[in-house]
Structure formats: structure tokens, C-alpha cells
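Participant: Sequence plus the predicted model coming up.
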Amino acid sequence: MTIRIRILILLLSAMVCFAIVTTSGLAYNHYAIHYGSHGWGPPEVAFLFHYLLFGATSVLLLGAAFDLAVGRRLTAGFDRLATLSSRSAWSLTMLVSVLVFGLVTVSRYGLLADTAITDDENVYSFMARTFASGRLYLPSMPEPVRPFFDNHFIINDGKWYGMYFPGHPALLALGERFHLMRWVPTVSATLTVPLTFAVGRRVFGPRAALLALPLLALSPFFILSSATLLAHSTAGLLLMAFAYAALRVLERPERVIWWLAAGAALGWSGLTRPLSAGAFALPWLVLLATTLRRRPGGGAWPGATLFCLIGAASAGLLGAYHVALSGNPFTTGYQTFGRMAGMSFTLGALVAPAPYPSLFELGYTLARLNFWLFGWPLSLVFLPFFRRTREGIALLLAPAGVVLLFAVTTVPSINVVGPVHYAELIAPLVLVSASGIEELAQWVRTRLNASAGRILALPIAATLCALVLYAPLYVGSLSATTRVARAPYDLVEAARLERAVVFVRSLGALDFPPWSWAYDPRNPSPDLTDPVLYVRDLGEPRNRVLIRFMPDRAPFWMGVQNGQLVLVPLAR
């Protein structure tokens, strides 16, 4: 049997696996992905089962075909990566950064229609515009009309503000001052690319760092989460900046500038996502403390002292922010909103005695990450093979700590552009996976005396599998979700309303498949100058109060009637 015939048989066998996955969708509502609720939908479970079984088989078959066809070239290219000049490596990094900028932009406009697909994004936008106006909060409207502005995750108890931490909206506010707020996550994702390369080069070497670049750029989780206004792009950039600065400190502890950079990055990430920042930083703090202990001289202590002072200042700043809003440095917006709305943030967790909810959340997170990280049937398969250095272990333990922390708290992650609670962990997981690919390829060469192409072909085959099977399904479902989220505003734009107030009974988020996580309407701008204000529908008698309060605005009603979203003018 010739090599060409063997390659052809392998390719045809892989195509059969592709066909099985695609055809099976006919029996499961075309694998429709339903958003707007926690957990797994039966059609999605059916897809992932087929994708795991037949998708993984197709990856092995395609990998074997690629190894036979171009295995030697893959091995030669793998070897050249280790000898690439620093200038060439950075040139490739910049090209990938530009690619990421383009992919996020295309996803933002072409897929998500530059709109919020979660209530969280509307809250961040409201907070950013409030900060940009020079205030931490707005005074609530007068008592008779205040309830009309009680949106999801918005506190309106005399002070009117979003419940989230201030680090990310502060960065968005900076963009808002230049009318570029929605570009901030795109820029954050773009800057994460060179930081990822810089961290990877110091931890695993230049070859693993270069291998990580295409993995990061082709990660659907990284690209799609960066196309939203969620805080994870900011948190991911800051955590990678902290890791890089910590690495520089470990190399030269006497350099105060890197202690300063590490403290600033960690402090800002603590103002953005405190739990993630604390769990992520723990193994790195252990390494830094060990370095100080091994160097009893005074050269490192000035920088370490400055690092601690910055950390204390960041914690104090967060406490002062909470005092300004709630009057208590230890009462967060989450607690205030939960108390006012009677809402538990563990809503959607498994109802069972401990530790079963934590075990369920851990398994759910790992399963989601397994598919979303690269879109492969087994995205986490290369993680265990990474190079065991103290920095490499810290790079793995840092995201593992975040995952375990959220599992213990049993706060369920929503799944819209991936398991969004963990989007700030993408870059370190990509680096550890890239190191695993490199180490496994080297092991196959040295221990099995076989071609490294056997391993190197697998990520290529898995990426092709993701592009053919995984991406079209999830991208298509996200596109449908975007249409649901945009429908109310498209309806208003089509009516060409000016100086109007719309009483919203429902946006249709849970009325039209595949649903969305944007249950409540957009929040108003701080000065209430929006052409159209969206408020809650409190019923005919109470709505009249707001109509009289805003006599210059034409009143309308929005809701679902007879299975359709409608916009109806109201009498003044």
C-alpha cells in the first residue's frame, strides 16, 4: 500500500467521522445551543458527545494523514522555531497581535453586532459613563419614579450605581472620554498577545512561546470573550502583566521597577476581579517570598516593601470605594444588590448537600474549558505534559486556584462566549498547553525514536476539526442570540423615535430561541439625554406618573404579544 493510498484512506475515514457528527444533528434539533439559562441543553449534550467520540477519532485520523504527508516539514519547522532570532520572533508576535485585533473586531461587529448580549455588559457601560462624568455614582431619581430604573445588577437606593468592582469600568471610562469605550477590550486582547509571548519565553523558552501564539489567536474562547464588554479581557491583561513582572523580579530581585510593575498590575486586577486576582497570585507570591528568604541581603527588600505598600493601597482604595457607595468597606455591590433584590448568586448551582455542588461546578467548568479553550474535542489534553519548572508549575497552579475557588463558592458560570468566569485564565492555559506540545514532541523523538510530526500534526488536525464542526455551531448560535438581544433596539431604530420613553415589559430574552442573557434594557446615560430612555413597565396607573414626570418624551410600550415583540405608542 503506497503512502498516498494510506493518506487517502485516513482522510476519507476522518470525513466519515465528520459526516457522522453533522448528520446526527438531524435527530437532535440540529444541535441548537440554548442560552439564557444555566447548565447543559439536551441538543448541546448530544453534540458534545458525538464531537468527543467521533471528533477525537477524526483528529487522530487527520493527524496521522498530516504526519505522513508533511511530518518532516513540521519537524523541520519545529526545529527552526528554537533557533529563530529574537527580532524575527517579535515580528511574528506583532503579526499575531494584528491578527487578534482583526479577529476580535470582526467578531464584535460581524457576529455580536457591537451590542451587549449580557446584562453585565450594560452595567459596565453604565458604570463607565458614570465614572467618565466624574462621579462614582448618580443620585437616584425622585421616589415616585425611581423604580422605573431598577435594572438587573443596578443598585438604586438613593445612590444609583452598578454592583461590579471599579477596575474594569475605570478603564472603560478612559475609553469613553475619547468615545472609544467599546474598543477597550479589543486593545486589551491585542496587548495580551505580546505579554503572553514574553511570559512564555521566560518560563518555557522561545519555541513554546511561539507555539502559543497561533493557539491563542485561534482560541474561540479568547477571541469571542474579548469581543464583549465583560471585565475578563482587562483582568487577563493585568494578570499576564503581573506574571511577567514577577518573572523579572525573580531574575533580579533588586530591580525596584519590576516590584512596582508587579504591584500595580496585581493591585489593578484586584480592583477588577478580586477573587480571581488573589487566587491567581498565590503561587507567584510564594515564589517571590521564597526568593526573599534565599537572599537575606537588603537589595530586594525596598522593592518588596513597595510591592506590599501598593497592595495595601489597592485594598484601601477598594474599601474606600465601597464606603462611598454602601458606607461599609466590606460591603460590596454584590452584597447590596443581593440583599435588595433577594437574589442569591449561587442561583443555578446544583441543589444538593456539600460538597456535591462544588464537585458539580468543578466538573462543569473543566468540561466547558475542555471544549472552549481551543474548540478541540480535547482542548486540555496537552496540559499534563508541560515542562516542570518552578515558574511553569506556578503558571499552571495560578489558573487552577481560580477554578477551585469558584468551585468552592458554587457560583455557577454562565456559558455564552465560553464559561465566562474563567476567560482571564486563557493565556496561561494556552502557554502551558504549548509547553505540553513541545515536551511531548521531544519525548516522542528521544524515547520512541519517532518523528515529532506525530505530535505536531495533532493540534493542526484538531484546529481543522474545530473550524469544520465546532466553530460553525457555536458561532451560528451566538449569531442567533445576538439577533434576540438586538431585536428591541432594531425595533426602536426602525420606528425612528426621538425624545421617547419606552416602558419595557419584556425584551424577549427568554421568549425566542436560542434566548440571551440580556434580560433587562440598556441603562440610561448619566445626564438622561439619550434619544430613547428604556424603563421598566410598572403597569398603567404607575406608568402615568413617569409620563407626567417627563412630559417632553413620547411614551411607548414594548413587550411580547402573540409570539411577537411589539412597540406600541401610548396616549399621553
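Facilitator: Yes, it's here. Nothing here was measured: the structure is a model prediction, and the numbers come from that model.

Participant: what sits against L210?
Facilitator: In this structure, L210 makes contact with L81, L84, A89, L92, F197, judged by Cβ atoms under 8 Å, 6 or more residues apart in numbering. (Glycine included, C-beta is placed from N, CA and C.)

Participant: Okay, now the sheet partners of the lengthiest strand in the chain, with direction.
Facilitator: When the chain is parsed with DSSP state E, its longest strand is strand 554-561. Applying DSSP bridges to the sheet, strand 554-561 is found paired with strand 500-504 (parallel), strand 564-569 (antiparallel).

Participant: now that strand: how far from the chain's centre is it?
Facilitator: 34 Å (Cα atoms, centre = their mean, to the nearest Å).

Participant: in it, what's buried?
Facilitator: Across strand 554-561, burial judged by 16 or more other Cβ atoms under 10 Å covers A554, P555, F556, W557, M558, G559.

Participant: Let me see the mean pLDDT of it.
Facilitator: Averaging pLDDT along strand 554-561 gives 96.

Participant: and what of stretch 333-346?
Facilitator: In this model, stretch 333-346 has an average pLDDT of 92.

Participant: List of residues touching it?
Facilitator: Outside stretch 333-346, the residues within contact range by Cβ under 8 Å, 6+ apart are 153-155, 157, 161-165, 322, 325-326, 357, 409-412.

Participant: one more time with 6 Å
Facilitator: Residues outside stretch 333-346 that contact it (Cβ atoms under 6 Å, 6 or more residues apart in numbering) are I155, M163, S326, T410, V411.

Participant: Centre of the chain to the helix or strand containing I7, how far?
Facilitator: Per DSSP states H and E: I7 is located in helix 3-24. Centre-to-centre, helix 3-24 and its host chain are 34 Å apart (Cα atoms, centre = their mean).

Participant: how far out from the middle of the chain is whichever helix or strand comes after it?
Facilitator: Per DSSP H and E, helix 3-24 leads on to helix 42-50 as the next helix or strand towards the C-terminus. Computed by Cα atoms, centre = their mean, the chain-centroid distance of helix 42-50 equals 23 Å.

Participant: Tell me, how many residues neighbour R146?
Facilitator: The number of residues packed near R146 is 14, by other Cβ atoms under 10 Å.

Participant: Now it: closest residue in space, sequence neighbours ignored.
Facilitator: Distances taken as Cβ to Cβ, 6 or more residues apart in numbering place S140 nearest to R146, at 5.2 Å, with adjacent residues excluded.

Participant: if I read this right, F549 contacts R146, doesn't it?
Facilitator: No - the pair F549 / R146 is not scored as a contact, 10.7 Å apart, by Cβ atoms under 6 Å.

Participant: related to what we said a few turns ago, turn the buried residues of strand 554-561 into CSV, including distance to P283.
Facilitator: Conversion of those to CSV gives the following (distance: Cβ to Cβ, whole Å):
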residue, distance to P283
A554, 58
P555, 57
F556, 54
W557, 54
M558, 50
G559, 51
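
Participant: mind listing the helices for the stretch 251-400 of the chain?
Facilitator: Assignment of helices within the stretch 251-400 of the chain using DSSP state H, counting those that start in this stretch yields the ranges 256-272, 274-294, 301-326, 333-341, 356-372, 390-409.

Participant: what bits of this structure have low per-residue confidence?
Facilitator: Along the chain, the model assigns pLDDT under 70 to residues 296-298.

Participant: Work out which residue lies at the spatial centre of it.
Facilitator: The centre of the chain sits closest to A423, judged by Cα atoms, centre = their mean, with a distance of 3.2 Å.

Participant: List the contacts of that residue.
Facilitator: Per Cβ under 6 Å, 6+ apart, neighbours of A423: S225, H232.

Participant: That one and A313, how far apart?
Facilitator: In this view, A423 and A313 are 27 Å apart by Cβ to Cβ, to the nearest Å.

Participant: thinking again about what came up before, so for V568, which of the helices of the stretch 251-400 of the chain sits nearest?
Facilitator: Of all those, it is helix 333-341 that lies closest to V568, at 28.2 Å by Cβ to Cβ.

Participant: buried residues in the closest one?
Facilitator: Across helix 333-341, burial judged by 16+ other Cβ under 10 Å covers G333, T336, F337.

Participant: what's L250 in contact with, if anything?
Facilitator: For L250, the contacting residues are T291, by Cβ under 6 Å, 6+ apart.

Participant: Am I right that it is in a helix?
Facilitator: Yes - secondary structure of L250 (DSSP: H, G, I helix; E, B strand; the rest coil): part of a helix.

Participant: Would you quantify the distance from it to F49?
Facilitator: Distance of L250 to F49, computed by Cβ to Cβ: 44 Å.

Participant: V351 too?
Facilitator: V351 is 25 Å from F49, by Cβ to Cβ.

Participant: and these two? which has more neighbours close in?
Facilitator: F49 (13 against 8).

Participant: Check the spacing between that one and Y28 real quick.
Facilitator: Distance, F49 to Y28, by Cβ to Cβ: 10 Å.

Participant: and if you look at R390?
Facilitator: Distance, R390 to Y28, by Cβ to Cβ: 47 Å.

Participant: Ok, G158 next?
Facilitator: G158 sits 50 Å away from Y28, going by Cβ to Cβ.

Participant: More neighbours: these two, which one.
Facilitator: Counted by other Cβ under 10 Å, G158 and Y28 do not tie: Y28 has more neighbours, with 17 against 10.

Participant: Next, that one: phi, psi?
Facilitator: Here is the backbone geometry of Y28 (degrees, to the nearest 10): phi -130, psi 50.

Participant: In this structure it contacts G41, no?
Facilitator: No - if you go by Cβ under 6 Å, Y28 and G41 don't touch, sitting 9.8 Å apart.

Participant: re earlier: for the longest strand of the chain, give me every contacting residue.
Facilitator: Here strand 554-561 has contacts from 500-506, 508, 511, 547, 567-570, using Cβ under 6 Å, 6+ apart.

Participant: Just the CA atoms of it, as PDB, please.
Facilitator: Only the C-alpha atoms of strand 554-561 are listed here, as PDB (Å, rounded to 0.1, in the frame of the first residue of the first chain):
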ATOM      1  CA  ALA A 554     -43.300  60.500  23.800                       C
ATOM      2  CA  PRO A 555     -44.400  57.300  25.600                       C
ATOM      3  CA  PHE A 556     -44.300  53.800  24.100                       C
ATOM      4  CA  TRP A 557     -44.800  50.300  25.400                       C
ATOM      5  CA  MET A 558     -42.600  47.300  24.500                       C
ATOM      6  CA  GLY A 559     -43.400  43.600  25.100                       C
ATOM      7  CA  VAL A 560     -44.200  40.300  23.600                       C
ATOM      8  CA  GLN A 561     -47.700  39.800  22.200                       C
END
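
Participant: My read is that H168 contacts L230, right?
Facilitator: No - the pair formed by H168 and L230 falls short of the contact definition of Cβ under 6 Å, at 8.1 Å.
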